[in-house]
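Novice: when you get a sec, could you give me coordinates for this:
(chains A and B)
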Amino acid sequence: MKILMPGALRSYTGSAEVEAEGDTLAAMFADLDRRYPGLRFRVVDEQGQLRPNMRLFVNGAGVRDLAHPLRPDDFVAVVLALSGG
Amino acid sequence: MSRPAASPSSTLRRQPAKKRVVLMVATRKGAWLFHGDTRRRSWTVDGPHFLGHSVSHLVLDPRDGRTLLAAARTGHLGPTIFRSTDLGRTWKEARQPPAFGPAANGLAGRAVDHTFWLTPGHASERDTWYAGTSPQGLFRSEDGGVSWMPLPSVNDDPSFRQWMGTAQDGTPDGPKLHSLIVDPRDPAHLYFGMSGGGVHESRDAGRSWTTLIRGMEVVEGFDASDVSFHDPHCLRLCTTNPDRLYQQNHCGVYRIDRSADPAADAWQRIGRKMPKRVGDIGFPMVVHPRDPDTAWVFPMDGTTVWPRTSPDGRPAAYVTRNAGRTWQRQDQGLPASQAWWTLKRQAMTVDDLANPALYLGTTSGELWIGRDEGARWSNLARHLPEIYAVEVASLA
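Specialist: The predicted structure follows:
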């Protein structure tokens, strides 16, 4: 699937849009970490939870459960939630 | 690139080979290095590094004089460690930053919010580092900070977890494990403090721990025998007398002299000799690089709702030259009024040159030098972001 990355993660990916594989969001982040080492831990904590202030959208719908299933043609957006100062 | 204002640069005169210093300034929005000449008169500013990252601590490895570790996170992204082996010219992210293990011993699993404190290991243990985190956790690296392993003797111990409490029990920006100290005589002898959760030491490289709270006071009305109620803010060991430590605590300034009977050792509240109108509350604790009788504090207003600002808006360091029997005020050059400074616990330090200078950073982004052991203060930089930590190292 295609994944839109926020600017804060482009030091890892080098581009705004990348591709990865996986049948869940968790598997997708595991694949992203193989391609871009270190990326996953900046987004998902060591207990497997999406970090606060991070948001995920699958085909435009907000999702927090990393067990959420994915299809190869899904479009995932990783977004930094608005937060102050 | 805009730079923070530095002190007026004078022409660097040719000097015999002497040590120069580098200041490592960690802030809420990035990190800066201030390179001083051998007289500490002219400063070159290098930064920002990691602009936009909250950098809790930036520390140079004294064992090689060129490896820097930076504990960083952003408002959104999780915590990590950046590592430079060329004094900040290039950086590489740790392969395995500090992270708790899976839930163990029936305790809830935890996630590191940020690494708060970094300490290089013993001189004989090249590439060993220790890290303290928020929520409280202790980690060790044996490969120069590339990968970090949790110490279950602290992180997954039911007693420690009870003393740590929950994230809601800590300081406003999270409970801290801090002041990691390695005894220069023995790499297996370690100390650390927890805000809150007391002072602890290990004599077997972190496999087991004993508490070291005898003599420490707690907030009135609470039980001083309960480790949970103890809130050490900063511990420092005297390198030329490693049996002596000083401590700035939520409830005063203390000294302890270790004896042949460690279990009987007790902290002495030396802050009681501070002027009553100033009190002995604060965050940093600084010890002289060679004289174990000399130490400094920077008092904060700990009355009423705890403003954590300089008492009466008049910032000052206080120095003792006799291990806490008397204290003298040092405010020459500092603002005389309406300066409501806050200094965090890592934001004051001293260099090890022949005539040591103190350094401090404020949460309002000012960096100051206290020449002649704090006798004369002058400003080095203004307009930095909120300063979290100031460290200094001498370079050949």
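Novice: other SSEs contacting the longest helix along chain A?
Specialist: Ranked by residue count under DSSP state H, the longest helix found in chain A is helix A:25-35. Counting contacts by 3 or more Cβ pairs under 8 Å, 6 or more residues apart in numbering or on different chains; DSSP states H and E, helix A:25-35 packs against helix A:39-43. (C-beta placed from N, C-alpha, C; glycine too.)
Novice: now what about the helix it packs on, what contacts it?
Specialist: Around helix A:39-43, the neighbours that count as contacts under Cβ atoms under 8 Å, 6 or more residues apart in numbering or on different chains are A:9, A:12-13, A:29-30, A:32-33, A:50-51, A:54, A:78, B:77-78, B:80, B:97, B:99.
Novice: near chain B, which residues of chain A show up?
Specialist: For chain A, the residues found near chain B under the criterion Cβ under 8 Å from any Cβ of the partner chain are A:6, A:8-9, A:37-38, A:41-47, A:49, A:51, A:53-54, A:80-81, A:83.
Novice: show me these that map onto strands.
Specialist: A:54, A:80 (DSSP state E).
Novice: show the buried residues in the residues of chain A next to chain B.
Specialist: Neighbour counting over those (16 or more other Cβ atoms under 10 Å in any protein chain shown) leaves A:6, A:8-9, A:38, A:41-46, A:51, A:54, A:80 as the buried ones.
Novice: quick one: those as CSV, columns for distance to residue B:123 and pLDDT too.
Specialist: As requested, these are exported to CSV (distance: Cβ to Cβ, whole Å; pLDDT from 0 to 100):
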residue, distance to residue B:123, pLDDT
A:6, 43, 95
A:8, 38, 93
A:9, 38, 96
A:38, 30, 96
A:41, 31, 97
A:42, 33, 96
A:43, 38, 97
A:44, 38, 97
A:45, 35, 97
A:46, 32, 97
A:51, 37, 95
A:54, 41, 93
A:80, 42, 90
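Novice: now, which of those sits nearest residue B:381?
Specialist: When these are ranked by distance to residue B:381 (Cβ to Cβ), residue A:8 comes first, at 27.1 Å.
Novice: near chain A, which residues of chain B?
Specialist: Counting by Cβ under 8 Å from any Cβ, chain B comes close to chain A at B:74-78, B:80, B:93, B:95, B:97, B:99-103, B:109-112.
Novice: could you list the low-pLDDT ranges of the stretch 1-150 of chain B?
Specialist: Along the stretch 1-150 of chain B, the parts satisfying pLDDT under 70 run over B:1-17.
Novice: and if we set it to 80?
Specialist: B:1-18 (pLDDT under 80).
Novice: ranges for the strands of it?
Specialist: When secondary structure is read from DSSP state E, counting those that start in this stretch, the stretch 1-150 of chain B shows strands at B:5-6, B:20-27, B:30-36, B:43-49, B:54-60, B:68-73, B:80-84, B:92-93, B:114-120, B:129-134, B:137-141, B:149-150.
Novice: isn't residue B:351 up against residue B:390?
Specialist: No. Applying Cβ atoms under 8 Å as the test, residue B:351 and residue B:390 come out as separate, 11.0 Å apart.
Novice: overlap in contacts of these two?
Specialist: Counting by Cβ under 8 Å, 6+ apart, the common neighbours of residue B:351 and residue B:390 are residue B:359.
Novice: I am finished for the moment; much appreciated.
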